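Trainee: just the structure for this:
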Amino acid sequence: MNIQNLNPQELAQLQILLNKMNPTPTEIDPVEKMIQNIMENFNFEKTQRAMDLLDWKWRDEYVTEDMLREEAERLLRGAIKSRLGDFKSEHHEVAILNECGGLEAKAWCNEAKTKIIGIQLDFILNSWDESIEE
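Mentor: I've put the predicted structure just below:
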């Protein structure tokens, strides 16, 4: 086939067919990208070693890296859902926490409370705070 012999309409049809064969990659949802980045960069190995050294168990069960990863993703997704759902009426600059077993996930939304603008995952060994209600 010689494409130089095609008329403009035939060229357009050929381009449509070629585009169907090689679709443009779809963009990843920004929230999914944030979750993916945390899951790729959070040091689950170090967290699991610390838990191992402290003999830290969940429901009397040894905690593996896979368990940590599964729980971390569950907590992150829960914090995101709560921030835009049940706790949407809260101030937008306040993070919603979702925590369990030493892992703590936080999610922040924009001022309009329509999208997530930040998430965070922490492993907390010890914490204490006090406040005075005014």
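Trainee: give me the number of residues near residue 106?
Mentor: Other residues near residue 106 come to 20 when the count uses other CB atoms under 10 Å. Any C-beta I mention is one placed from the backbone N, CA and C, and that applies to glycine too.
Trainee: what's the answer for residue 61, then?
Mentor: Around residue 61 there are 8 other residues, counting by other CB under 10 Å.
Trainee: tell me what it is bridged to.
Mentor: Beta-bridge pairing for residue 61 (DSSP bridges): residue 58.
Trainee: and it, how close does it get to residue 69?
Mentor: According to CB to CB, to the nearest Å, residue 61 and residue 69 sit 15 Å apart.
Trainee: repeat that for residue 52.
Mentor: From residue 52 over to residue 69 (counting by CB to CB), the distance is 15 Å.
Trainee: in the longest helix along the chain, which residues are buried?
Mentor: As assigned by DSSP state H, the longest helix anywhere in the chain is helix 65-84. Neighbour-count burial for helix 65-84, counted by 16 or more other CB atoms under 10 Å, picks out 67-68, 71-73, 75-80, 82-84.
Trainee: got those residues as CSV, with pLDDT and distance to residue 94 columns?
Mentor: Shown next, in CSV, are those (pLDDT from 0 to 100; distance: CB to CB, whole Å):
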residue, pLDDT, distance to residue 94
67, 97, 29
68, 98, 26
71, 97, 23
72, 97, 21
73, 97, 23
75, 97, 17
76, 97, 17
77, 96, 19
78, 95, 16
79, 94, 12
80, 93, 14
82, 91, 12
83, 89, 9
84, 87, 13
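Trainee: sounds good, over and out.
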